[in-house]
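1. Quick check, what structure comes out for this input:
(one chain, ligands or ions: 1)
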Amino acid sequence: MKSVIVTGASRGIGAAIAKTLAKVGYAVVINYNKSAESAVSLCREIRESGGIALNIQGDVSLTSDVQRIFSVSYEQLGTPYALINNAGIALRGAPIQDITDSEIESVFAANLTGAIKCSREAVKYMIPRHCGKIVNISSVWGQIGGSCEVVYSASKAGIIGLTKALSNEVAPSGINVNCIAPGVITTDMISCYSKDDLNVLCDETPLGRLGTPEDIANAVEFLISDKAAFITGQILGINGGMAV
Ligand code: NAP
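-> Residues are numbered from 1 along each chain as shown. So this is what the prediction gives:
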């Protein structure tokens, strides 16, 4: 059975990715950082439906945690077939002059350094097998830039750079690296928005609704499947037409 490591899978988009992939037969690693309870309950839910799931706690920004996530996964489920770099945090919306050093550092650590460190570890396992898939979760703000979201947007633009450079580097090793740039998706991450803000965002979305975590999970399922074997280095916007 092919195993997939999903970072930040305790909640939101990552949890939907883990559920969707388990349903179609992948063994999934549910990485989480702080939300142990929801990670354990997701793991139980997948196992009760006949799937294979494993919880591994770890902060993706810490090298020792990343190495442990991959080594425990390897011991229990074998060489990872795919890595989904989904873990991330957002900041309160604020003008750049109000952002603190520690906010800048924590957003880059979770959103960009984490994805780089996980990718670095993943390819060590994938290259000898000449096979592997990496899907990075960016954001529409990484593509077009969000006012009062400078640090988050920059970290997510970095994910796009990571995708393009790494896809060039590891294509000769049989590894596909792609990126999904979601629009506004209904998870805890957007709980800071008021109802009015959400209505405005909905109005700005030509398809007339916000996205669901499953909208993203379905695309991840496609990108790691054989049907996407000739796709690499691409940025797939899933945003209801918000940015085209
Ligand atoms: P969420 O509901 O807030 O979930 C974030 C997940 O990331 C949680 O499982 C959290 O784990 C994990 N995480 C955060 N920091 C981590 C770290 N250092 N190490 C390991 N795990 C960590 O957010 P979401 O909306 O599902 O977002 C998932 C991804 O999609 C993020 O990269 C986000 O930037 C991106 N995205 C979201 C939207 C949106 O509108 N929701 C739009 C575009 C892009 P714990 O709770 O266990 O700490």
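2. Surely Q143 touches I238?
-> No: Q143 is beyond contact range of I238, at 11.4 Å (criterion: CB atoms under 8 Å). Just so you know, the C-beta spots here come from the backbone N, C-alpha and C atoms, and that holds for glycine as well.
3. Please say which of those two ends up with more neighbours.
-> Between Q143 and I238, Q143 has the larger neighbour count (other CB atoms under 10 Å), namely 20 against 17.
4. can you list the residues of the chain near the ligand?
-> 7-8, 10-14, 31-35, 59-61, 86-89, 110, 114, 137, 139, 182, 184-185, 187-190 (CB under 6 Å from any ligand atom).
5. mind listing which of those residues are in helices?
-> Counting by DSSP state H, these place G12, I13, G14, G114 in helices.
6. Need these in a markdown table (columns: neighbour count, pLDDT and distance to Q97).
-> A markdown table is the format used below for those (neighbours: other CB atoms under 10 Å; pLDDT from 0 to 100; distance: CB to CB, whole Å):
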| residue | neighbour count | pLDDT | distance to Q97 |
| --- | --- | --- | --- |
| G12 | 21 | 98 | 30 |
| I13 | 28 | 98 | 30 |
| G14 | 29 | 99 | 32 |
| G114 | 28 | 99 | 26 |
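7. Please identify which of these is nearest to the ligand.
-> G12 (2.3 Å; CB to the nearest ligand atom).
8. contacting residues for that closest one?
-> With contact set as CB atoms under 8 Å, 6 or more residues apart in numbering, G12 has these partners: I185, T187, D188, M189, P213.
9. Not counting its neighbours along the chain, what's nearest it?
-> T187 (3.3 Å; CB to CB, 6 or more residues apart in numbering).
10. what about the longest helix in this protein?
-> helix 150-170.
11. same for that helix, what does it pack against?
-> helix 101-108, helix 114-126, strand 132-137, helix 140-144, strand 175-182 (3 or more CB pairs under 8 Å, 6 or more residues apart in numbering; DSSP states H and E).
12. Could I get the buried residue list for the third one?
-> Using 16 or more other CB atoms under 10 Å as the burial criterion, the residues of strand 132-137 that qualify are G132, K133, I134, V135, N136, I137.
13. Between these, which sits nearest S167?
-> I134 (8.4 Å; CB to CB).
14. For the closest one, give me the pLDDT.
-> The model reports I134 with a pLDDT of 99.
15. Need the phi and psi values for C148.
-> phi 60, psi 20 (degrees, to the nearest 10).
16. In contact with the closest residue to it other than its chain neighbours, which residues?
-> Among residues not flanking C148 along the chain, G93 sits closest, at 4.3 Å (CB to CB, 6+ apart). Contact partners of G93, counting by CB under 8 Å, 6+ apart, are C148, E149, C192.
17. what's around the closest residue to S3 other than its chain neighbours, how many residues?
-> Leaving aside its chain neighbours, S3 sits nearest to L77 (3.8 Å; criterion: CB to CB, 6+ apart). For L77, the neighbour count with other CB under 10 Å is 21.
18. Could you tell me which residues make contact with L77?
-> Applying CB under 8 Å, 6+ apart, we find L77 in contact with M1, S3, A27, V29, I52, L54.
19. wait, which of these is closest to the ligand?
-> Of those, the one sitting nearest to the ligand (CB to the nearest ligand atom) turns out to be V29, at 11.9 Å.
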